[in-house]
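Participant: 3D, please:
(one chain, ligands or ions: 1)
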Amino acid sequence: MKEVIGIIGAGTMGAGIAQVAAQAGHQVILVDQNQAQLDLAKANLEIILNKLLSKEKITSDQKSSISSAIQYEINNTSLASCSLVIEAIVENLTIKHSVFSALQEIVSDTCILATNTSSLSIASIGSVLKNPSRIIGIHFFNPAPLMPLVEIIPAVQTSQKVIDNVMTLIGAWGKTAVLCKDTPGFIVNRVARPFYGEALRIFEEGIADFATIDWAMTTLGGFKMGPFTLMDYIGNDINYTVTESVFEAFYYDPRFKPSLTQMRYKEAGYLGRKSGKGFYDYSENAAPTKAKEDIDLGQEILDRILALLINEAVDAVFMQVSSVEGVDLAMTKGVNYPKGLLKWADEIGLNEILLRLEDLQLTYGEDRYRPNPLLRKMVKENLNFYPK
Ligand code: NAI
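Facilitator: Got it, this is the predicted structure:
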């Protein structure tokens, strides 16, 4: 029989992770302190499973076994039989500490304790445990049942056995598990920052408007959504906060500096789709915004944003946040980039990327554009990230 999996927090992420574990054949105990949230999670799962059934993605037997595999509980004491508990509650260190402190007394000594945090360090969360070698980050993406990537983040305290068990388990759930160092933003939320930040900067300088930048990144770059459409989709409040937290966590490295423009949009309540207006107007009678489809301008925009994204991907390898394959998998499976950034860098030519960055650094005199030392070294030695 498969292990029992516990999940604390039945919100957006917890409910999705519960579905993933149940679909993988586990018995799942989903806990939330709020009964209404548990009821909502149960009702939502029923809707999702009915959709999957009508699309013939699952059989009615599978539907009933998934539904009956999840037990909804209000109290953490029901988690005693679990071999893994994934916490997906509010993003607050003090509250997470109190949950983990109490949880370690409920579960067995061998139970793995995981957190789905996006922005807190795994080391800090694990510090309250008597045995911190069992803490690990298991970072799913939203929506968890659909997004293939899961970042696996051992803390400095985590044992190798816990890492191996979790990598195997998440792989068995049909997910792409990528190992990642316990650093701000992990892989995706770190490497993706210039997609938003540099697009905002290009707009602020008056080089192009939102629609033109989005057009360049989608039509010429092959990205599924342009940066401004995506920021509106994520929400300017959420996207700004992630940038700000990565910027602060990196001791104010200018590469991650948040944008005043986005701050003003957030302050104005122009949050994006959810507020009816963001960078674009989502009201019914809004006039469609037209891009200036100038190929030279579009290529300049794409080249600039891509050079910064690649520089960030190289930095993640240089600082051993993850492997070359890990970084490329993370960006293609976690945020649907059309190509791995390091593979893309090889195709464009590392020398060309270095030249673009040096040109930007010379033009602006800002540290934001400094080329990564690994990129310089690889150009000097005529190396590629993948075999030529
Ligand atoms: P949410 O606000 O949708 O759900 C949180 C749930 O936790 C709520 O139902 C709340 O009642 C419950 N809760 C709060 N304190 C609790 C406690 N002490 N005991 C039991 N239940 C408690 O939050 P969401 O978006 O699901 O995020 C959860 C975690 O996942 C956060 O750490 C977040 O940073 C992370 N995350 C969120 C992503 C997203 O796109 N929303 C993506 C990846 C990670």
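
Participant: The helix or strand hosting His97 - contacts with which helices or strands?
Facilitator: For His97, the host element (DSSP states H and E) is helix 93-106. Packing partners of helix 93-106 (3 or more Cβ pairs under 8 Å, 6 or more residues apart in numbering; DSSP states H and E): strand 84-87, strand 112-115, helix 122-126. Backbone N, C-alpha and C define where each C-beta goes, glycine included.

Participant: do that helix and the ligand meet?
Facilitator: Yes - Helix 93-106 comes into contact with the ligand (Cβ under 6 Å from any ligand atom), by way of Ile95, Val99.

Participant: Quick check: the residue of the stretch 101-250 of the chain nearest the ligand.
Facilitator: Residue nearest to the ligand within the stretch 101-250 of the chain (Cβ to the nearest ligand atom): Asn142, separated by 3.4 Å.

Participant: Confirm that residue sits in a strand?
Facilitator: No - Asn142 is assigned coil when assessed by DSSP: H, G, I helix; E, B strand; the rest coil, not a strand.

Participant: list the contacts for it?
Facilitator: With contact set as Cβ atoms under 8 Å, 6 or more residues apart in numbering, Asn142 has these partners: Thr12, Met13, Gly16.

Participant: Swap in 10 Å and give it another go.
Facilitator: Contacts of Asn142 were listed using Cβ atoms under 10 Å, 6 or more residues apart in numbering, and they are Thr12, Met13, Gly16, Ser118, Ile234.

Participant: Of those, keep whichever come out buried.
Facilitator: Among these, those classed as buried by 16 or more other Cβ atoms under 10 Å are Met13, Gly16, Ser118, Ile234.

Participant: Spell out which parts of this structure neighbour the ligand.
Facilitator: Residues of the chain lying near the ligand (Cβ under 6 Å from any ligand atom): 8-14, 31-34, 37, 88-91, 95, 99, 116-118, 140, 142.

Participant: Could you tell me which ranges of this protein sit under the pLDDT cut-off?
Facilitator: Residue ranges of the chain with pLDDT under 70: 1.

Participant: returning to what we had before: quick one: the residue of the stretch 101-250 of the chain closest to the ligand and Gly206, what's the gap?
Facilitator: Going from Asn142 to Gly206 by Cβ to Cβ, to the nearest Å gives 34 Å.

Participant: Which single residue of the protein ends up nearest the ligand?
Facilitator: Gly11 (1.8 Å).

Participant: Can you pull the phi/psi pair for that residue?
Facilitator: phi -80, psi -150 (degrees, to the nearest 10).

Participant: do the same with Gly197
Facilitator: Torsion angles, degrees, to the nearest 10, at Gly197: phi -60, psi -40.

Participant: so who does it touch?
Facilitator: With contact set as Cβ under 10 Å, 6+ apart, Gly197 has these partners: 227, 243, 246-247, 255-259, 262, 305, 308, 312, 368.

Participant: Please repeat the previous calculation with a cut-off of 8 Å.
Facilitator: So Gly197 contacts Thr243, Phe256, Lys257, Pro258, Ser259, Leu308 (Cβ under 8 Å, 6+ apart).

Participant: So which residues of the stretch 101-250 of the chain form strands?
Facilitator: 112-115, 135-140, 149-154, 176-179 (DSSP state E, counting those that start in this stretch).

Participant: Please consider this matter closed, and thank you.
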